[in-house]
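Colleague: Below are the sequence and a predicted model; questions follow.
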Amino acid sequence: MLSENQAFALLKRRVRIDRGLDCEQYKENYLKRRVAVRLRATGAADYLAYLRVLKNDPEEYTRLMNELTINVTQFFRDKDVYLKIRDEVMPTLFRAKEVIGSRTIRVWSAGCATGEEPYSLAMLIDHRLGAEEGRWNVRILGSDIDLESIRAARKGEYSKVDMLEDMDIKEYFETTETPRGRVYRVRERVRRTVKLEELNLLGDNQKRRFDLVLCRNVLIYFGRDVQRRIIEGISSEILHEGYLVLGKSETLGQEAGSLFNPAFPRERIYRHTAGSPERGAGGANG
């Protein structure tokens, strides 16, 4: 008879083999809480019983993956962070680009869930540029490990846009009444700025050289060693003097902290200091 810990280890091994998700990267308590949600939902008495559920119901794997990668998200979450990006970070990046004669800005929303964050960034930059928008090539990547979230993000349809003013809703969304209620669809001119991809922060290397990376409320689910690996991976993707934004409850570890300097500590915004041969925030983005 397997002990509870042995059964849980077997479940983690099964998930890694079947779905390629290394559960050892997550904090143990977080992982057990999320799996417990699915045990209650399926009526499984223990981990061994849940393994049988997974074997007999392939759709349960999808539900489990969604549970493990759950991410609370909304448009312009933590509004003070977006204001700092709008008023301080973006003007600095624009000026640096102009110095080197570049008109391309690359932004990465890592762990974007259903897309609210990358679309918020697209709206913010569009609003900031105003009439200058046509003179700039803004490219925004939104990525998440959960394919279902990415599929939802690509649709760009939402039932809630709580943090937006009425004027912004009219400018950036098409509103439709459906039997299920009101649906807000991100307008095409915003969606075409954003590319959405399934991506594992611990396995996929982009090498696209970003000016600004948001990795908010992702690190909190992982242990310190995995957090360090994620930050080091992001560091290799971000231009020297580019910016990194973390979640309000997240901090850089001591080792990873050597790669960034605090730019706006209250908003958890850091500036890259190492790892890139390019000079300035412009680099080779031209």
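Modeller: Alright, I've got the coordinates. Numbers count the residues shown, from 1 in each chain.

Colleague: What segments of the stretch 151-286 of the chain are strands?
Modeller: 157-158, 173-178, 181-186, 194-198, 210-215, 238-246, 260-264, 269-272 (DSSP state E, counting those that start in this stretch).

Colleague: Which strands or helices does the second one pack on?
Modeller: It stands for strand 173-178. strand 181-186 (3 or more Cβ pairs under 8 Å, 6 or more residues apart in numbering; DSSP states H and E). C-betas here are computed from N, CA, C, even on glycine.

Colleague: Mind telling me which residue is nearest the centre of this protein?
Modeller: By Cα atoms, centre = their mean, the chain has its centre lying nearest to residue 111, at 2.1 Å.

Colleague: wait, that residue sits on residue 220?
Modeller: No - contact between residue 111 and residue 220 fails when scored by Cβ atoms under 8 Å: they sit 10.6 Å apart.

Colleague: what's near enough to touch the spatially closest residue to residue 270 that is not a sequence neighbour?
Modeller: Counting by Cβ to Cβ, 6 or more residues apart in numbering, the nearest residue to residue 270 once its immediate chain neighbours are dropped is residue 260, at 3.8 Å. Contacts for residue 260 (Cβ atoms under 8 Å, 6 or more residues apart in numbering) come out as 235, 244, 252, 270, 271, 272, 273.

Colleague: what pLDDT does residue 257 get?
Modeller: What the model reports as pLDDT for residue 257 is 72.

Colleague: Could you measure from it over to residue 251?
Modeller: Distance, residue 257 to residue 251, using Cβ to Cβ, to the nearest Å: 8 Å.

Colleague: before we move on, back to that, in JSON lines: the contacts of residue 260, plus distance to residue 208 and pLDDT.
Modeller: Below are the contacts of residue 260 laid out as JSON lines (distance: Cβ to Cβ, whole Å; pLDDT from 0 to 100):
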{"residue": "235", "distance to residue 208": "14", "pLDDT": "92"}
{"residue": "244", "distance to residue 208": "15", "pLDDT": "98"}
{"residue": "252", "distance to residue 208": "22", "pLDDT": "86"}
{"residue": "270", "distance to residue 208": "19", "pLDDT": "96"}
{"residue": "271", "distance to residue 208": "19", "pLDDT": "96"}
{"residue": "272", "distance to residue 208": "14", "pLDDT": "94"}
{"residue": "273", "distance to residue 208": "20", "pLDDT": "86"}
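
Colleague: Make a ChimeraX selection of the buried ones in these.
Modeller: Per 16 or more other Cβ atoms under 10 Å, the buried members of those correspond to this ChimeraX selection:
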select :235,244,252,270,271,272
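
Colleague: Report the distance from the helix or strand of the chain with the lowest mean pLDDT to the chain centre.
Modeller: Within the chain, confidence by mean pLDDT, DSSP states H and E is lowest for helix 254-257 among all helices and strands, at a mean of 70. How far helix 254-257 lies from its chain's middle: 21 Å, per Cα atoms, centre = their mean, to the nearest Å.

Colleague: which other residues reach it?
Modeller: Here helix 254-257 has contacts from 227, 228, 231, 232, 235, using Cβ under 8 Å, 6+ apart.
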